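Participant: Quick one: sequence plus predicted model below, questions after.
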Amino acid sequence: MTFKTLFASATLATLATGAFADDTETVNTFYDMLSNPGSQSHVAAFVGATSEDWISVGGYSGNDKTRDAFIGQVGGFGQLMPDLKWAVQDMHQDENFVTVRSRATGTPVAPFFGVDGEGRSFDIMTIDIHQLENGEIVKTWHVEDWAGALQQLSGK
């Protein structure tokens, strides 16, 4: 291996590591907003980390959410669950996709999806795949164990 090849390899490795750090930092703003839905600074950071036409895909219904609709939904969740936390457990990047396993916890102060939890909390797993382009999240696919949350809230 020549010095030129070694230098080029080291430069590429450094650039790749820098891109990874930038992408994971960008993706972390998503979870910061989920854990602080009433914070205007967290919402602003989320808006800055996502493209104007970002969409949230939660299933195959075709009822994808726009960025504004998602912010509204998360704000509603924040009012319903003031202690809502979304803790990243694992984060993996493969090219322009970042996959995250996280843990969502909360205690609803009113009925949640029709279930009165009577002060109970939930603790569920979530899986998200974020697609990034030019340093912005352009699309997020997500799955949350809401059935498990409702089961925990109902005391079963």
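Facilitator: Structure received.
Participant: Give me the helix or strand of the protein that scores worst on average pLDDT.
Facilitator: helix 3-35 (a mean of 67; mean pLDDT, DSSP states H and E).
Participant: immediately after that helix, which helix or strand?
Facilitator: Next in sequence after helix 3-35, counting helices and strands by DSSP states H and E, comes helix 40-49.
Participant: List the buried residues in stretch 118-127.
Facilitator: Of all the residues in stretch 118-127, those buried under the rule 16 or more other C-beta atoms under 10 Å are 122, 124, 126. All C-beta atoms are positioned from the backbone trio N, CA, C, and that covers glycine.
Participant: Assign a three-state SS to the last one, would you?
Facilitator: I take that to be residue 126. strand (DSSP: H, G, I helix; E, B strand; the rest coil).
Participant: can you pull the contacts of it?
Facilitator: If you count contacts by C-beta atoms under 8 Å, 6 or more residues apart in numbering, residue 126 has them with 86, 100-104, 142-145.
Participant: Give the bridge partners for it, please.
Facilitator: residue 102, residue 144 (DSSP bridges).
Participant: OK, contacts around residue 118?
Facilitator: residue 155 are the contacts of residue 118 under C-beta under 8 Å, 6+ apart.
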